[in-house]
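>>> Could you work out the structure for the sequence below:
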Amino acid sequence: MDAAQVQQEVALATESLLKRIGSGFATMVVLGSGLSSFVDRIQDAVAIPYSEIPGFPRSTVKGHLGELVGGTIGSQQVLCLAGRFHYYEGYDAATLTIPVRVGRALGVRTALFTNAAGGIRDTLRLGDLMVIRDQLNLMQADSPLRGVPDDEFGSRFVNMYNAYDRDMADALALAGTEHDLPVTSGVYAAMSGPQFETRAEIHMLKVLGADAVGMSTVPEVIVANHLGMRVGGVSVITDLATETTAEVSHEQVLETAGRADGQLAELLAAFIEESVA
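Numbering: from 1, shown residues only. You can find the predicted model right below:
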């Protein structure tokens, strides 16, 4: 999808949502595979299926609700994407990041991205909530900023040195400690999928310094930084991507995500209530 098409789709979606839920949202939360309990924390919630939003992609992956939810957490107006879009579904990077641009058009300044991920670091355990401190982009050469003209979207040469806001990461880790949640921190690597990693690829990721690996988030984080948002991220460790692991499946990922879902919701709600200005 070229820049003009992206602009058109963003405008269509934004116009529709302004009429249905308004603007002025402070924070956006994107929920990954099997993660939906956070939606139940939103007060005065208005849910809109993606299929009713013109210009929006469609989620085709099991474990994603496929709806946008607007409401409040404490005193904060929150926009939640209950289900995301992936490169492996056939979308290019520009298309799957349209919702991030729409969120910014509705006022969002702070974005929280969550995902289900395989734990590479030996100390990670199933159900751990890993606050993302940095990322490795091993997904594809198709950057969501490829072909974007500077005069329409702002400079395409985005500084990603601090892609994840350090203060947000510290606040997420603190919230986890204060609420006695299994929180740790690390580097998230993204590969294109949908196949899981080979033993050699897991070894490569470990050598490169990745603590966890998944198939999403990175394009969204690039665009969020491009739009000047503060970015935070949390990976739910749903499988162990070690060199000795022989069995892994999407069903296993969803099952583990379901068990950790409530704790992730508690962490995100606590962070928003206590830390977002």
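>>> Residue 266: neighbouring residues, count only.
The burial count assigned to residue 266 is 19, neighbours taken as other Cβ atoms under 10 Å. Every C-beta, even on glycine, is put in place using the N, C-alpha and C of the backbone.
>>> going forward, begin numbering at 38 instead of 1
From this message on, residue numbering opens at 38, which makes the last subject residue 303.
>>> does it really touch residue 217, like I thought?
No: contact criterion Cβ atoms under 8 Å: residue 303 and residue 217 do not qualify, at 9.7 Å.
>>> Now do the same for residue 185: helix, strand or coil?
The local conformation at residue 185, judged by DSSP: H, G, I helix; E, B strand; the rest coil, is coil.
>>> Residue 104 contacts residue 86, correct?
Yes: contact status for residue 104 versus residue 86: in contact at 4.9 Å, counting by Cβ under 8 Å.
>>> higher neighbour count, the two?
Set side by side, residue 104 and residue 86 show more neighbours around residue 104, with 19 against 14, by other Cβ under 10 Å.
>>> Where do the strands of the stretch 88-237 of the chain begin and end?
Defined through DSSP state E, counting those that start in this stretch, the strands belonging to the stretch 88-237 of the chain, from first to last, are 104-110, 113-119, 147-156, 166-175, 220-228.
>>> As JSON lines, those with distance to residue 201 and mean pLDDT would be great.
Compiled in JSON lines, the strands of the stretch 88-237 of the chain are given as follows (distance: least, Cβ to Cβ, whole Å; pLDDT from 0 to 100):
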{"stretch": "strand 104-110", "distance to residue 201": "21", "mean pLDDT": "95"}
{"stretch": "strand 113-119", "distance to residue 201": "18", "mean pLDDT": "95"}
{"stretch": "strand 147-156", "distance to residue 201": "9", "mean pLDDT": "95"}
{"stretch": "strand 166-175", "distance to residue 201": "6", "mean pLDDT": "97"}
{"stretch": "strand 220-228", "distance to residue 201": "9", "mean pLDDT": "97"}
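>>> show me the contacts for the residue nearest the centre of the chain.
Note on the chain: the residue nearest the mean C-alpha position is residue 150, at 2.8 Å, using Cα atoms, centre = their mean. Counting by Cβ atoms under 8 Å, 6 or more residues apart in numbering, residue 150 makes contact with 67, 69, 169, 254, 257-258, 261, 268-271.
>>> Quick check: closest non-adjacent residue to residue 107.
Once its chain neighbours are removed from consideration, residue 107 has its nearest residue in residue 58; the separation is 4.0 Å (Cβ to Cβ, 6 or more residues apart in numbering).
>>> do residue 161 as well
Ranked by Cβ to Cβ, 6+ apart and with sequence neighbours excluded, the top spatial neighbour of residue 161 is residue 274, at 5.1 Å.
>>> Just say helix, strand or coil for that neighbour.
When the structure is split into helix, strand and coil by three-state DSSP, residue 274 lands in strand.
>>> what's across from it in the sheet?
For residue 274, the beta-bridge partners under DSSP bridges are residue 154.
>>> returning to what we had before: okay, and the beta partners of the residue nearest to the centre of the chain?
residue 67, residue 270.
>>> And it, how far from residue 168?
Shown here: residue 150 relative to residue 168, a distance of 11 Å by Cβ to Cβ, to the nearest Å.
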